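> next input, structure requested:
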Amino acid sequence: MLSTTQAVDTSEMSTFRGGAHSSGQASGSAFLVDIIDEIRGGTYSKKVGKVRAEAKKERNGEAHKRAKGALPSFTVSGTFNNRRKGFPDAHSGLLQVDLDGKDNPGLTVDKLRARVKDHPSLVACFMSPSGDGLKLVVRIGVADDTADHKRRFRSVKAEMKRLGLTVDDSCSDPARLCFYSHDPDAFYRSPDEAKPFPLFSEKEEEVFLLPEGQGEGIHHPLPVAKRALEAIAEKVGRPDYLRWLELTAAMTNSYGADGLDTMKEVFPEEEEEEYEAKLRYLPKAHNAGHVFNKAKELADWDATPEEKEALNERLKKNAMEAANEMPLDSFKVDHESTVGFSIEEIEALRPPIIIDGFLRQGEVMLLGAESKSRKSWLAQDAGISVASGLPWLPDEISDFDELSPEDILAQGKGFRTEQGAVHVFDLELAGSEVKYRFAKTRENRLPSNLRAQRRLSQSFHSYSLEGEPSLAILAHLTELERKVQPGDLVIVDCLYRLQADGNEVEEVARIFERLKRFAKQTKAGVTLVDHFRKAGAEKARDRFAGSFVKQASASTLVAIESKGGDVLEMSIDARTFHGLNRVHTRFNLERYLFERIPEEDVKAEHEAKKRSEQEGWLAQVWKSKNIDALAGNADGEKKWGISRQATTTRFGKLVKAGFVAIVESGRGKATKWALTDQGREVLTPYRDLHPNLHPATQSP
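Residues are numbered from 1 along each chain as shown. Next comes the predicted model:
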């Protein structure tokens, strides 16, 4: 908990009962210190719990909005006779600031607290009702009117931007409501002890309120970046597509519209509005420094000594700011808080599951197999299970449509899933094929149930990115961060489209770090589909190209092997689950779903197949012999078409099976085998087909 003081609070605010927010008429008033006490103490914990539960299912959905609307609220910036007037009758000198998780990807509530906790203008902060953001109350000084209030808000917004935080612009409204919440760690101190936010100059606002990413260009003057681009153009002309896209991103991120105009001037458009058409693909990672690096690499260009000195100073400052931005203690794992936990409480420390035994929120699962082994169908099958909330890989069941998830788990022993939205980045298939595969699966699995088909379709989102460059794909992944919710499943199929050579360890590691960061920030689960390399290895998991970095990076590794016929064997190595090493499954063509094959059935099928194979060996050798005749290596070589050494090994297997026995021992050709009674019994069905097997037709 952050430090607090006990000074007298004079900041009175209007309060509004749950469900009566839109009327504008206040139901009462309260002081901030008392409001924070209620938030800490859990006065509305049950209602807040419902808000957070609905937010996990569908943030800003109707159920989430209703649950949130049932909470009482208050106006941070003062008291109102009627908030429809827009400005308080008595301004409190305070401002509400919303730091939403979706606007600050990668920053958990704890990390948001760490950034703001020591700010001298902070009066209070607490977790938002939805649980994924932070509510701040800051001192801005008493505003004269709405325009003055908004002017002060811009200074707060600029200061938050300087701290690397993005605030909700809705808080510029002085009549903005703040919902009660529940947070035992809510921070409070007397407004009198907080310093008013200093008003920024218009120039400072211009600097700090640039669109995201553009601030970097201020420290690298545009004329210098233009000289770097001109050096590239003179040396190599217009660069290849990916480099051109990177340079466009760097110039746009750093200089906005001026940067885009500079790109057009140095590298004129080859197609009408081609730059504008690519704006949504541009990665946010590149800035003006990337332009200088590429100019040096491609054209041996360098900045002047004065420019380099200025650049180095800025880079040093950036590095220091980055190093000091998040102190080490903010990453510290709190062990002391778990003292005295029960076994159940300890188990609950791990993130919630998405697919039991395979994947949790914030994890990455790597699913790999040979080409044409149905791994894409298997990944889609997992997604459909999550989207519908039904167990994945159930045993064979007849009334799938009628059973609840609990019934299926009890009857079919499938793997439990937690229902969530599914997002598939298909990097291999055209949109028509993606549509066909999903429609085929949906129709076969839910025949004639249009309502269930519609629900499934609304929860399962596919994006055909066939032919898109890797930079554009990763940019779309960044865009997806704003859409996914905790517990969603994201499927990326397939890795080679992001990095063709799986043995390029450094590049593969970068991709995994990007996916792991995405999973951690969004609390979604990510399934990445991968191909095995062509050269085989004894263990399936060792057939991943660049296997070490993949095995080290993925939370769960699933290596799929074909075991003959339509049986797939999934070897599972899960970091946060235990007890599940191998699963066998087959594709049910009638239902278009994968069903788990019980281990005893797999063993029985294997034994039956092995016995059938061995019976065939017997028939081949004794086909033209009397069943009392002996067989030697020469017979095996001739009938089986294999080497003498392999023949001896095969006869050894028949001995172990009880079909033959050694009657003459010796080296090489001297060893002789004879049928046992069990072997004779095996050959009985062949007598009618092969009369020579009858003892009366041929002597030993």
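> all contacts plus neighbour counts: C-alpha atoms, from now on.
Noted.
> now do the helices in the stretch 451-600 of the chain.
470-480, 505-522, 547-553, 599-622 (DSSP state H, counting those that start in this stretch).
> which residues touch the helix or strand just after the longest one?
Read that as helix 599-622. Using DSSP states H and E, the helix or strand that follows helix 599-622 in sequence is strand 631-632. Outside strand 631-632, the residues that touch it by Cα atoms under 8 Å, 6 or more residues apart in numbering are Val621, Trp622, Lys669, Ala670, Thr671, Lys672, Trp673, Ala674.
> strands paired with strand 631-632, and their directions?
strand 672-675 (antiparallel) (DSSP bridges).
> how far out from the middle of the chain is the strand it pairs with?
61 Å (Cα atoms, centre = their mean, to the nearest Å).
> mean confidence for it?
Averaged over strand 672-675, pLDDT sits at 92.
> quick revisit: out of the contacts of strand 631-632, which two sit at the greatest distance?
Pairwise distances among these were taken by Cα to Cα; the largest, 18.2 Å, belongs to Trp622 and Ala670.
> show me which of these two is the more surrounded one.
Trp622 (23 against 11; other Cα atoms under 10 Å).
> and the pLDDT for the more buried one?
For Trp622, pLDDT reads 87.
> from Glu370, how far out is it?
According to Cα to Cα, to the nearest Å, Trp622 stands 39 Å off from Glu370.
> closest one of the contacts of strand 631-632 to Ser121?
Val621 (92.4 Å).
> near the closest one, how many other residues are there?
Residues lying near Val621 (other Cα under 10 Å) number 18.
> if we can go back for a sec, out of the helices of the stretch 451-600 of the chain, deepest packed?
Across these, averaging neighbours per residue (mean count of other Cα atoms under 10 Å) puts helix 505-522 on top, at a mean of 19.
> so what touches that helix?
Residues contacting helix 505-522 (Cα under 8 Å, 6+ apart): 105-108, 361-364, 481, 484-486, 498-499, 502, 524-526, 546, 549-550, 553-554.
> the residue sitting nearest the centre point of the chain: what's it in contact with?
Against the mean C-alpha coordinate of the chain, by Cα atoms, centre = their mean, the closest residue is Val526 at 3.0 Å. Contact partners of Val526, counting by Cα under 8 Å, 6+ apart, are Gly362, Glu363, Val364, Met365, Leu489, Val490, Ile491, Val492, Leu515, Ala519.
> for Gln419, same thing?
Ile354, Ser385, Val386, Ala387, Ser388, Gly389, Leu390, Gly487, Asp488.
> and of those, the nearest to Leu593?
Of all the contacts of Gln419, Leu593 sits closest to Ser385, with 9.5 Å by Cα to Cα.
> wouldn't the closest one be in contact with Pro391 here?
Yes: when contacts are counted by Cα atoms under 8 Å, Ser385 is listed as touching Pro391 (6.1 Å).
> beta partners of Phe31?
If you apply DSSP bridges, the partners that Phe31 bridges to are Glu12.
> how about the strands in the stretch 551-700 of the chain?
Ranges of strands within the stretch 551-700 of the chain are 556-562, 567-574, 582-588, 593-597, 631-632, 660-664, 672-675, based on DSSP state E, counting those that start in this stretch.
> okay, those strands in CSV with distance to Ala67 next?
As requested, those are exported to CSV (distance: least, Cα to Cα, whole Å):
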stretch, distance to Ala67
strand 556-562, 36
strand 567-574, 37
strand 582-588, 41
strand 593-597, 36
strand 631-632, 82
strand 660-664, 76
strand 672-675, 78
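> relative to Glu347, which of the ones you listed is closest?
strand 567-574 (15.7 Å).
> who's in contact with Leu95?
Val76, Ser77, Val137, Val138, Arg139, Ile140, Phe153, Cys171, Pro174.
> out of these, who's nearest Pro268?
Phe153 (40.9 Å).
> before we move on, what SS does the closest one have?
helix (DSSP: H, G, I helix; E, B strand; the rest coil).
> quick one: contacts for it?
Leu95, Cys171, Ser172.
> go again with 7 Å.
With contact set as Cα atoms under 7 Å, 6 or more residues apart in numbering, Phe153 has these partners: Ser172.
> now the strands for the stretch 401-550 of the chain?
Taking DSSP E, counting those that start in this stretch, the strands of the stretch 401-550 of the chain run over residues 422-426, 460-464, 489-493, 525-531.
> against which helices or strands is the second one packed?
Okay, so that is strand 460-464. Packing partners of strand 460-464 (3 or more Cα pairs under 7 Å, 6 or more residues apart in numbering; DSSP states H and E): strand 422-426.
> dump the strands of the stretch 551-700 of the chain to CSV, plus distance to Ala30 and mean neighbour count.
Formatted as CSV, the strands of the stretch 551-700 of the chain follow (distance: least, Cα to Cα, whole Å; neighbours: other Cα atoms under 10 Å):
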stretch, distance to Ala30, mean neighbour count
strand 556-562, 51, 23
strand 567-574, 51, 21
strand 582-588, 60, 18
strand 593-597, 58, 22
strand 631-632, 100, 22
strand 660-664, 94, 17
strand 672-675, 97, 21
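> looking at those strands, which is nearest to Met251?
strand 556-562 (38.8 Å).
> next, the angle strand 525-531 makes with that closest one.
Strand 556-562 runs at 40 degrees relative to strand 525-531, counting by axes from the mean of the first three to the mean of the last three Cα atoms, to 10 degrees.
> going forward can the numbers begin at 816, since that is how I track them
With the count now opening at 816, the last piece we talked about shows up as strand 1371-1377.
> residues in contact with strand 1371-1377?
Under Cα under 7 Å, 6+ apart, the answer for strand 1371-1377 is 1173-1174, 1179-1184, 1355-1356, 1366, 1383-1390.
> if you set the cut-off to 8 Å instead, what comes out?
So strand 1371-1377 is contacted by 1173-1174, 1179-1185, 1188, 1190, 1355-1356, 1366, 1383-1390 (Cα under 8 Å, 6+ apart).
> what residues of the one helix or strand Asn1108 maps to count as buried?
Using DSSP H and E, Asn1108 maps to helix 1103-1114. Residues of helix 1103-1114 classed as buried: Ala1103, Gly1104, His1105, Val1106, Phe1107, Lys1109, Ala1110, Lys1111, Ala1114 (neighbour count, 16 or more other Cα atoms under 10 Å).
> the fifth one against Asp1117, yeah?
Okay, so that is Phe1107. Yes: with contact defined as Cα under 8 Å, Phe1107 counts as touching Asp1117 (7.5 Å).
> list the residues that are in contact with both of these two.
Applying Cα under 8 Å, 6+ apart, one finds that Phe1107 and Asp1117 are jointly contacted by Ala1043.
> residues of the longest helix along the chain that come out buried?
Longest helix of the chain, by residue count under DSSP state H: helix 1056-1081. By neighbour count on 16+ other Cα under 10 Å, the buried set for helix 1056-1081 is 1060-1071, 1074-1079, 1081.
> over to stretch 863-880?
863-874, 878-879.
> contact partners of it?
Counting by Cα under 8 Å, 6+ apart, Ala882, Lys883, Leu886, Pro944, Ser945, Gly946, Ser996, His997, Gly1235, Gln1300, Pro1301, Gly1302 sit against stretch 863-880.
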